[in-house]
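Student: Sequence first, predicted coordinates after that:
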Amino acid sequence: MCGRFALTATPDQTAALLGLAELEDFPARYNIAPTQPVLMVTAGVPRAPGSNLPDRQPMLVRWGLIPAWVKDTREFPLLFNARSEGAIEKASFKAAMRHRRALVPASGFYEWRQAGGKKGQPYWIRPRHGGLIAFAGLIETYAEPGGSEMDTGAILTVNANADIAHIHDRMPVVVDISDFARWLDCRTLEPRDVVDLLRPAQSDFFEAIPVSDLVNKVANTGPEIQERGEIGPEPEKVRRQKPSADDSQMTLF
């Protein structure tokens, strides 16, 4: 799962990673959350012959994909993540997997060690050697009942690698720079041709840094949320006990 991430690189650094001619200026963002606008990049349209730049297009997309067939968004869940294992066939994602694959630049992401079904210790998870990465993303343009259109998107996830598994069982798919062109090529490559890219990052690629619970609040957007925090104690496992005859009517099982 990936419910928060950060993009703190400069526009020039981000453009260089993604092979863009330029990007409009934007501030560092330390706590990007679902429903907020996020930067995604698609293959775009072909450039003029002789150009030495990829034909890629940056877009601001609402983080939370809405399929085109949804009638009432109030009754539809917020799809900010897409499980890569079923994205090719699942109705919510298969059109985007075929026609609108994207890259999502990031400096890293946040994850929480679960404790009794609740969010526990938060971690800032970043590339061990620094630098920018790009998540695998999907884009869907949703036509609202009033006639206006809204670009929406999701981040693909996969089973966590050894760096993350002790914190959470899922992690975002990281696309290697050498695979950017393949992932974005929706004109000649079908989903089955790029499914091999939907894999966990290599072991030791990420480092997980415990941080304070400041990141839990979307209103906290400064660099202090990435400062190292104390690691809380491991949550104690609650042992299930068989209900007695006196209290069995207060239980569901």
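Tutor: Sure, I can see it.
Student: Give me the distance between the helix or strand encompassing residue 5 and the centre of its chain.
Tutor: Element membership for residue 5, per DSSP states H and E: strand 4-7. The chain centre lies 9 Å from the centre of strand 4-7; the measure is C-alpha atoms, centre = their mean, to the nearest Å.
Student: Paired strands for it, with orientation please.
Tutor: strand 29-32 (antiparallel), strand 108-115 (antiparallel) (DSSP bridges).
Student: export those strands to TSV and tack on distance to residue 176 and mean pLDDT?
Tutor: C-betas here are computed from N, CA, C, even on glycine. Formatted as TSV, the strands paired with strand 4-7 follow (distance: least, C-beta to C-beta, whole Å; pLDDT from 0 to 100):
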stretch	distance to residue 176	mean pLDDT
strand 29-32	22	98
strand 108-115	16	91
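Student: Quick check: which element contains the most centrally placed residue in the chain?
Tutor: With distances taken as C-alpha atoms, centre = their mean, the residue of the chain nearest its centroid is residue 155 (3.6 Å). Taking DSSP H and E as the definition, residue 155 sits inside strand 149-159.
Student: Alpha carbons of that strand, as PDB, please.
Tutor: Only the C-alpha atoms of strand 149-159 are listed here, as PDB (Å, rounded to 0.1, in the frame of the first residue of the first chain):
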ATOM      1  CA  GLU A 149     -13.500  16.300 -17.200                       C
ATOM      2  CA  MET A 150     -11.100  15.400 -14.400                       C
ATOM      3  CA  ASP A 151      -7.800  13.400 -14.800                       C
ATOM      4  CA  THR A 152      -7.500  10.900 -12.000                       C
ATOM      5  CA  GLY A 153      -4.800   8.300 -11.200                       C
ATOM      6  CA  ALA A 154      -3.600   5.500  -9.000                       C
ATOM      7  CA  ILE A 155      -0.200   4.000  -8.000                       C
ATOM      8  CA  LEU A 156       0.400   0.300  -8.700                       C
ATOM      9  CA  THR A 157       1.500  -1.900  -5.700                       C
ATOM     10  CA  VAL A 158       3.100  -5.300  -5.300                       C
ATOM     11  CA  ASN A 159       4.100  -7.600  -2.500                       C
END
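Student: Would you mark the buried spots in that strand?
Tutor: If you call a residue buried by 16 or more other C-beta atoms under 10 Å, then strand 149-159 has these buried ones: 151, 152, 153, 154, 155, 156, 157, 158.
Student: next one: stretch 85-101
Tutor: For stretch 85-101, burial by neighbour count (16+ other C-beta under 10 Å) applies to 87, 88, 92, 93, 94, 96, 97, 100, 101.
Student: Just give the number of residues close to residue 185.
Tutor: Neighbourhood size, residue 185 [other C-beta atoms under 10 Å]: 14.
Student: tell me what the strand holding residue 155 is packed against?
Tutor: Applying 3 or more C-beta pairs under 8 Å, 6 or more residues apart in numbering; DSSP states H and E, we find strand 149-159 packed against strand 57-63, strand 81-83, strand 101-106, strand 133-143, strand 170-172.
Student: hmm, back to that, ok and the helix or strand that comes right after the strand holding residue 5 relative to strand 101-106, angle-wise?
Tutor: Per DSSP H and E, the first helix or strand lying C-terminal to strand 4-7 is helix 11-18. If you take axes from the mean of the first three to the mean of the last three C-alpha atoms, to 10 degrees, helix 11-18 sits at 140 degrees to strand 101-106.
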